[in-house]
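Visitor: just the structure for this:
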Amino acid sequence: MKRYVMLAAACAVALPAFAQNVATVNGQPITQQSLDQFVKLLVSQGATDSPQLREQVKQEMINRQIFVQAAEKDGIAKQPAVQTEIALAREGILVRSLMADYLKKHPITDKQIEAEYNKLKTQQGDQQEYKVRHILVEDEKTANDLLAQIKKDKKKFAELAKKNSKDPGSGANGGELGWASPSNYVQPFAETVSSLKKGQLADKPVQTQFGWHIIQVEDTRPVEFPPLAQVRPQIEEMLRQQELGKFQKELREKAVIK
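Guide: As a prediction, this is how the structure comes out:
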């Protein structure tokens, strides 16, 4: 009788431990805890926890265990190239986790984001954007001939652009490029645009790698800075990268490198 009691007690102890395994592969257990951690990682990356996801994860873990066992049996893990890859992967995971942990302990605050936003807004407060139109042709002579016609009658600009411009996008539109910052254009096109006032036509054609341009600025306006809500994610990410840069620099300076 005593023997049966001891056997029952042993089973009672063993069952909970066995229940923690979702599967075994050639005797190697896959634990519930490891499955939960895998699911948690996927959820953090945007997946939705569900029975279907858990079953997919379980099958993936079984497949991985099968392949890992086969690789170890064949001595793959002992190959120098594989050992190097494993070491590099481990280092990459540790570095990434270190940076994530640092950001978790040093979160970017609303105050920092607002201060950076106001700083950027002030820096760009005097910038202008330009409504530009142009005619693009192959050679300087053609450009000069067209420019002379436009100087006599600026109303001909659109008509001449449609007939002569080799820029298919703006040519069909009468040369219109729309509103943009000069930084959107190549040099010296950008420099010429910045030098012109509203309604002004460049005195001479401008050459770029694309050909010869006849340029007119139709209008100018201050650059409209986007609202904080629109650029908040970009500013926050920029501040994160700055924080990580400082952290990396500090670690480098403290390291003893010979």
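
Visitor: was I right about Ala47 contacting Val57?
Guide: No: counting by Cβ atoms under 8 Å, Ala47 does not reach Val57; the two are 9.4 Å apart. (C-beta placed from N, C-alpha, C; glycine too.)

Visitor: pLDDT weak spots in this structure?
Guide: Residue ranges of the chain with pLDDT under 70: 1-19.

Visitor: can you show me the helices along it?
Guide: Remark: helices assigned in the chain by DSSP state H are 2-19, 32-44, 51-73, 80-105, 110-123, 140-152, 157-164, 168-171, 189-195, 228-254.

Visitor: Phe210 is nearest to which of those?
Guide: Nearest to Phe210, of all the helices of the chain, is helix 189-195, at 8.6 Å by Cβ to Cβ.

Visitor: dump the helices of the chain to JSON lines, plus distance to Glu218 and mean neighbour count.
Guide: Formatted as JSON lines, the helices of the chain follow (distance: least, Cβ to Cβ, whole Å; neighbours: other Cβ atoms under 10 Å):
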{"stretch": "helix 2-19", "distance to Glu218": "76", "mean neighbour count": "9"}
{"stretch": "helix 32-44", "distance to Glu218": "50", "mean neighbour count": "14"}
{"stretch": "helix 51-73", "distance to Glu218": "56", "mean neighbour count": "13"}
{"stretch": "helix 80-105", "distance to Glu218": "46", "mean neighbour count": "11"}
{"stretch": "helix 110-123", "distance to Glu218": "26", "mean neighbour count": "13"}
{"stretch": "helix 140-152", "distance to Glu218": "13", "mean neighbour count": "15"}
{"stretch": "helix 157-164", "distance to Glu218": "9", "mean neighbour count": "18"}
{"stretch": "helix 168-171", "distance to Glu218": "12", "mean neighbour count": "14"}
{"stretch": "helix 189-195", "distance to Glu218": "11", "mean neighbour count": "19"}
{"stretch": "helix 228-254", "distance to Glu218": "27", "mean neighbour count": "13"}
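
Visitor: any idea how far Lys131 is from Ile235?
Guide: Distance from Lys131 to Ile235, counting by Cβ to Cβ, to the nearest Å: 28 Å.

Visitor: oh, that last question was meant for Thr208, not what I typed.
Guide: When distance is defined by Cβ to Cβ, Thr208 is 34 Å away from Ile235.

Visitor: same check, this time on Val206
Guide: Val206 sits 36 Å away from Ile235, going by Cβ to Cβ.

Visitor: how about the contacts made by the closest residue to Gln65 other than its chain neighbours?
Guide: Distance criterion Cβ to Cβ, 6 or more residues apart in numbering; nearest residue to Gln65, sequence neighbours excluded, is Val25 at 4.2 Å. Neighbouring residues of Val25 by Cβ atoms under 8 Å, 6 or more residues apart in numbering: 62, 65-66, 69.

Visitor: same check, this time on Val137
Guide: With Cβ under 8 Å, 6+ apart, Val137 has these contacts: 143, 146, 164-166, 211-212, 214.

Visitor: try it again at 6 Å.
Guide: Val137 makes contacts with 143, 164, 211-212, as judged by Cβ atoms under 6 Å, 6 or more residues apart in numbering.

Visitor: that older thread, any chance of the helices of the chain in JSON lines, plus distance to Leu201?
Guide: Formatted as JSON lines, these follow (distance: least, Cβ to Cβ, whole Å):
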{"stretch": "helix 2-19", "distance to Leu201": "83"}
{"stretch": "helix 32-44", "distance to Leu201": "57"}
{"stretch": "helix 51-73", "distance to Leu201": "63"}
{"stretch": "helix 80-105", "distance to Leu201": "52"}
{"stretch": "helix 110-123", "distance to Leu201": "31"}
{"stretch": "helix 140-152", "distance to Leu201": "7"}
{"stretch": "helix 157-164", "distance to Leu201": "8"}
{"stretch": "helix 168-171", "distance to Leu201": "16"}
{"stretch": "helix 189-195", "distance to Leu201": "11"}
{"stretch": "helix 228-254", "distance to Leu201": "35"}
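
Visitor: thank you kindly, that will do.
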